[in-house]
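Engineer: Model the structure of this input:
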Amino acid sequence: MALDWAKAQLLNVTVVGVDGSQIVPTEEIHLPVGVVQAGWFLNPHSPDSYDVNYVKDVVLELITPAELQQAEQRLRQPQTYRFQERYIHLRRFQLELKTLQQRMAEVKGSALLLFDGSFVATFAESYAPEWQSEYVNAVCKTLSASKECSIPVVAYIDQSKARDVVTLLAHLQRLEPNPYLSDAQLFNSVLTEWGDRSPLFICDRGGILESYGHWAHGIGFCYLKAHQGYPVRLEFPLWIYDAGLLPSVISWVCGELITGQGYPYALETADQVAVLQGSDRQAFLKQLQVWAEDTGIKLHFNRKWVSKQQRR
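Structural biologist: Here you go, the predicted structure:
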């Protein structure tokens, strides 16, 4: 019965999920090179062939030593191993959001795009301003594309540690701040039945949000009881609420949760498509070695790593 309800909610709704993975530059090889990959899953939920005409694909980008050198100059930071790793994570974030934007331009009719992560890049506040602007620009482009295309996009955050409502209540009631209490824990005692959701809130966290331009007060969020654990956090551009689409969007998310048995099916599938396994890493290093030999570049491998490969 639940699956029938989910199918009814999602009928004629195209759902897209995007997730990513990466291979960071490694000390095993003395050549700074990495890979970022975004996997995406598109399911049109058409009535004639339900869950059949789906599309699964990946977008892969190679991060070359030349790009890392340019990034070093643009971001004004010496190219250490930590810098390379952080830059690869940034490029993965950007590729995931760019892939969402590309799918927005392609889908027709009713659609829902899902992003595994947060649109409020508080995690980047400890970074230098040059780094912060990279994250902010990627998010704002995605939110603007969503509004221009009239395609709802939702950031899905399971096990959120956000404290927006907790902080609000502490200010209103003049309470001592509790750094261990999150919004999800707070709402857990209120949202008790599956599908329950909190009211809509406007994120006004300050900090990095102040650099979001007109999106600084344009991101809404709510909490949804999606499974037996703490409620999940949903973030979305406020134009969805203004257009009267929020009830439909919540129903579509719930339909995805039923199909995915507690986690959005489109995001679960995108994760499976995107993930780079240890075997992929080994294959990448081998292909890199072949390429270097063909081009006359001498690669220097970490002797410990070479010894391990010879023993396996």
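Engineer: Averaged pLDDT, the strand or helix carrying Q84. What do you get?
Structural biologist: Secondary-structure assignment from DSSP states H and E places Q84 in helix 81-104. Helix 81-104 carries an average pLDDT of 94.
Engineer: What ranges does the stretch 201-312 of the chain have for its helices?
Structural biologist: Here the stretch 201-312 of the chain has its helices, by DSSP state H, counting those that start in this stretch, at 239-242, 246-259, 265-274, 278-295, 303-311.
Engineer: Dump the helix holding Q84 to CSV, restricted to CA.
Structural biologist: Output in CSV follows, covering the C-alpha atoms of helix 81-104 (Å, rounded to 0.1, in the frame of the first residue of the first chain):
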residue,chain,number,x,y,z
TYR,A,81,49.4,17.7,0.0
ARG,A,82,46.7,19.2,2.2
PHE,A,83,46.0,21.9,-0.3
GLN,A,84,45.7,19.3,-3.1
GLU,A,85,43.3,17.2,-1.1
ARG,A,86,41.2,20.2,-0.2
TYR,A,87,41.1,21.4,-3.8
ILE,A,88,39.9,18.0,-5.0
HIS,A,89,37.0,18.1,-2.5
LEU,A,90,36.1,21.6,-3.7
ARG,A,91,36.1,20.4,-7.4
ARG,A,92,33.9,17.4,-6.4
PHE,A,93,31.4,19.8,-4.8
GLN,A,94,31.5,22.1,-7.9
LEU,A,95,31.1,19.1,-10.3
GLU,A,96,28.1,17.8,-8.4
LEU,A,97,26.3,21.1,-8.5
LYS,A,98,27.3,21.7,-12.1
THR,A,99,25.8,18.3,-13.0
LEU,A,100,22.6,19.3,-11.2
GLN,A,101,22.4,22.5,-13.3
GLN,A,102,22.9,20.5,-16.5
ARG,A,103,20.0,18.2,-15.6
MET,A,104,17.8,21.2,-14.8
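Engineer: so what secondary structure elements neighbour it?
Structural biologist: strand 14-23, strand 34-43, strand 55-63, helix 65-74, strand 111-116, helix 129-149 (3 or more Cβ pairs under 8 Å, 6 or more residues apart in numbering; DSSP states H and E). The way it works is simple: take the backbone N, C-alpha and C, and place the C-beta from them, glycine included.
Engineer: thinking in terms of the whole chain, how far from its middle is the fifth one?
Structural biologist: Read it as strand 111-116. Distance, stretch centre to chain centre, for strand 111-116: 10 Å (Cα atoms, centre = their mean, to the nearest Å).
Engineer: just for the chain, where's the confidence low?
Structural biologist: Along the chain, the model assigns pLDDT under 70 to residues 26-31, 48-52, 277-312.
Engineer: Show the contacting residues for K56.
Structural biologist: 39-42, 269, 273 (Cβ atoms under 8 Å, 6 or more residues apart in numbering).
Engineer: swap that for Q22, sorry
Structural biologist: 34-37, 88-89, 91-92, 276.
Engineer: Same check on F187?
Structural biologist: Here F187 is in contact with 165, 198, 223, 230-231 (Cβ under 8 Å, 6+ apart).
Engineer: Could you identify the most distant pair in the residues you listed?
Structural biologist: For the contacts of F187, the farthest-apart pair by Cβ to Cβ is V165 and Y230; their separation is 13.2 Å.
Engineer: For V153, what are phi and psi?
Structural biologist: V153 has phi and psi values of phi -130, psi 140 when expressed as degrees, to the nearest 10.
Engineer: Same check on the one 10 residues further on?
Structural biologist: Comment: the main-chain dihedrals of R163 come out as phi -130, psi 30, following degrees, to the nearest 10.
Engineer: wait, doesn't it sit right on L181?
Structural biologist: Yes - the criterion here is Cβ atoms under 8 Å, and R163 meets it with L181 at 7.2 Å.
Engineer: Between those two, which is the more surrounded one?
Structural biologist: R163 (21 against 15; other Cβ atoms under 10 Å).
Engineer: Please report the distance of that one from S211.
Structural biologist: Using Cβ to Cβ, to the nearest Å, R163 is found at 20 Å from S211.
Engineer: Could you do V153 as well?
Structural biologist: 20 Å.
Engineer: more crowded one of those two?
Structural biologist: Between V153 and S211, counted using other Cβ under 10 Å, V153 has the larger neighbour count: 28 against 16.
Engineer: what sits against the spatially closest residue to K108 that is not a sequence neighbour?
Structural biologist: Nearest non-adjacent residue to K108, counting by Cβ to Cβ, 6 or more residues apart in numbering: T14, 7.5 Å away. By Cβ under 8 Å, 6+ apart, the residues touching T14 are 42-45, 107-112.
Engineer: In TSV: these, plus distance to C140 and neighbour count.
Structural biologist: Putting these into TSV (distance: Cβ to Cβ, whole Å; neighbours: other Cβ atoms under 10 Å) gives the following:
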residue	distance to C140	neighbour count
L42	24	22
N43	27	23
P44	28	23
H45	29	23
V107	21	18
K108	25	8
G109	26	9
S110	25	18
A111	20	22
L112	20	25
